[in-house]
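Participant: predicted model and sequence below, questions to follow.
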Amino acid sequence: MSQNSMSQMIALITGASSGIGEAFAKKFAQQGYNLVITGRREDLLHDISDKLQKRYNIIVETLKVELADEEDLEFLSEKIKHMDNLSVLVNNAGFGSRFNFINEEFKSQEDMIKVHVLAPVKLIYAALPGMIHRGHGTIINVSSISGKTPLPVGATYSATKSFLSTFSESLYLENASTNIKIQTLCPGFTKTNFHGKLGLNGASLSNKGFIRWMTPERVVEVSLKNLKKGKIICVPGFWNKVIWFLADIIPRNIYYKIILKMGKRELLFN
């Protein structure tokens, strides 16, 4: 695809006001895509938009969207259905929990299911027919290695990320005969505002044992390299790959014992 035709293509990224979403926005801007970026913090979206438009001479549309809100989600879904040049959809929006299931308000659990499960499914359902019709497209679903490794905290988080990973793999299989690229991105420990909201910062974000923190920029760099190679499951970072591998081979009863011995503050993945 030429640079001229690339400039007409659009990448839509949810949860783009910081962290991995912002890093994806910057990377696609560098590649010449026009952008539609969504989030709940309108001021941050505008700051990112201004910087990217000036630096890369692209068009950036910002949308303040709460994906747990039915009307907002319907609005974004309908917008996607009518985007003739949508080439990339990155479902990145999400949030975590530092509480046990029973100690978290049910509204928060419900919103997490809406944002991590319902929203990506609805947005992909809106985007995929157009991508198939145009003969190209990319869908990246930002999941987590905690979708493979259930934890004694944030049960709904791990469960929703597990759904997103499996859903992405099934989508790939359904569309293997098309030119649609689908990836489930499963980061581990990533230095973003995600952990600040959970009360983790400073010394809490330091390397220890299997825990190796990555920057959002590095996570996105690995994601796009894997995308070019056609890898469906992307687990950035050597030690994150080790954790992913061990989760497959360790007997579950032994896994439970190991996890229960670890502190909850060390088990809050991205």
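Facilitator: That came through fine.

Participant: could you use CA atoms for every contact and neighbour count after this?
Facilitator: Fine.

Participant: poorly predicted segments of the chain, please.
Facilitator: Scanning the chain for pLDDT under 70 picks out the ranges 1-7, 192-211, 263-270.

Participant: quick check: longest helix of it.
Facilitator: Criterion DSSP state H: the longest helix present in the chain is helix 155-174.

Participant: list the buried ones in it?
Facilitator: Of the residues in helix 155-174, 155-165, 167-169, 171-172 count as buried by neighbour count, 16 or more other Cα atoms under 10 Å.

Participant: cool, and stretch 106-116?
Facilitator: Residues of stretch 106-116 classed as buried: Q109, D111, M112, I113, K114, V115, H116 (neighbour count, 16+ other Cα under 10 Å).

Participant: show me what the longest helix of the chain is packed against.
Facilitator: helix 106-113, strand 137-142, strand 180-185 (3 or more Cα pairs under 8 Å, 6 or more residues apart in numbering; DSSP states H and E).

Participant: quick one: list the elements packing against the second one.
Facilitator: Contacts defined by 3+ Cα pairs under 8 Å, 6+ apart place strand 137-142 against strand 86-91, helix 119-134, helix 155-174, strand 180-185.

Participant: for the first one, which outside residues touch it?
Facilitator: By Cα atoms under 8 Å, 6 or more residues apart in numbering, the list of residues contacting strand 86-91 from outside reads 9-15, 80, 120, 124, 127, 130-131, 136-142.

Participant: let's go with 7 Å and repeat that
Facilitator: Strand 86-91 has contacts (Cα atoms under 7 Å, 6 or more residues apart in numbering) with 9-14, 120, 131, 136-142.

Participant: count the neighbours of I233 for me.
Facilitator: Residues lying near I233 (other Cα atoms under 10 Å) number 20.

Participant: and the one 4 residues further on, by the same measure?
Facilitator: Applying other Cα under 10 Å, we find 17 other residues in the vicinity of G237.

Participant: likewise for K228?
Facilitator: Counted by other Cα under 10 Å, the residues lying close to K228 total 9.

Participant: CA atoms only for stretch 30-40, dumped as PDB, please.
Facilitator: The C-alpha trace of stretch 30-40 is given here as PDB (Å, rounded to 0.1, in the frame of the first residue of the first chain):
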ATOM      1  CA  GLN A  30       4.000   7.800  12.500                       C
ATOM      2  CA  GLN A  31       2.800   5.300   9.800                       C
ATOM      3  CA  GLY A  32       0.600   7.900   8.200                       C
ATOM      4  CA  TYR A  33      -2.800   6.800   9.400                       C
ATOM      5  CA  ASN A  34      -5.500   9.300  10.200                       C
ATOM      6  CA  LEU A  35      -6.900   8.600  13.700                       C
ATOM      7  CA  VAL A  36     -10.100   8.300  15.600                       C
ATOM      8  CA  ILE A  37      -9.200   8.100  19.300                       C
ATOM      9  CA  THR A  38     -11.700   7.600  22.100                       C
ATOM     10  CA  GLY A  39     -11.500   7.800  25.900                       C
ATOM     11  CA  ARG A  40     -13.200   9.400  28.900                       C
END
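
Participant: in it, what counts as buried?
Facilitator: Within stretch 30-40, judged by 16+ other Cα under 10 Å, the buried ones are G32, Y33, N34, L35, V36, I37, T38, G39, R40.

Participant: looking at those residues, which is nearest I48?
Facilitator: For these, the minimum distance to I48 (Cα to Cα) is 9.2 Å, reached by I37.

Participant: so where do the helices sit in this structure?
Facilitator: Counting by DSSP H, the helices of the chain are 3-6, 19-30, 42-56, 70-81, 106-113, 119-134, 155-174, 193-196, 216-229, 238-249, 252-261.

Participant: comparing the ones you listed, which comes out most buried?
Facilitator: Scoring the helices of the chain by mean neighbour count under mean count of other Cα atoms under 10 Å gives helix 19-30 as the most buried, with a mean of 22.

Participant: quick one: list the elements packing against it.
Facilitator: Judged by 3 or more Cα pairs under 7 Å, 6 or more residues apart in numbering; DSSP states H and E, helix 19-30 is in contact with helix 42-56, helix 216-229.
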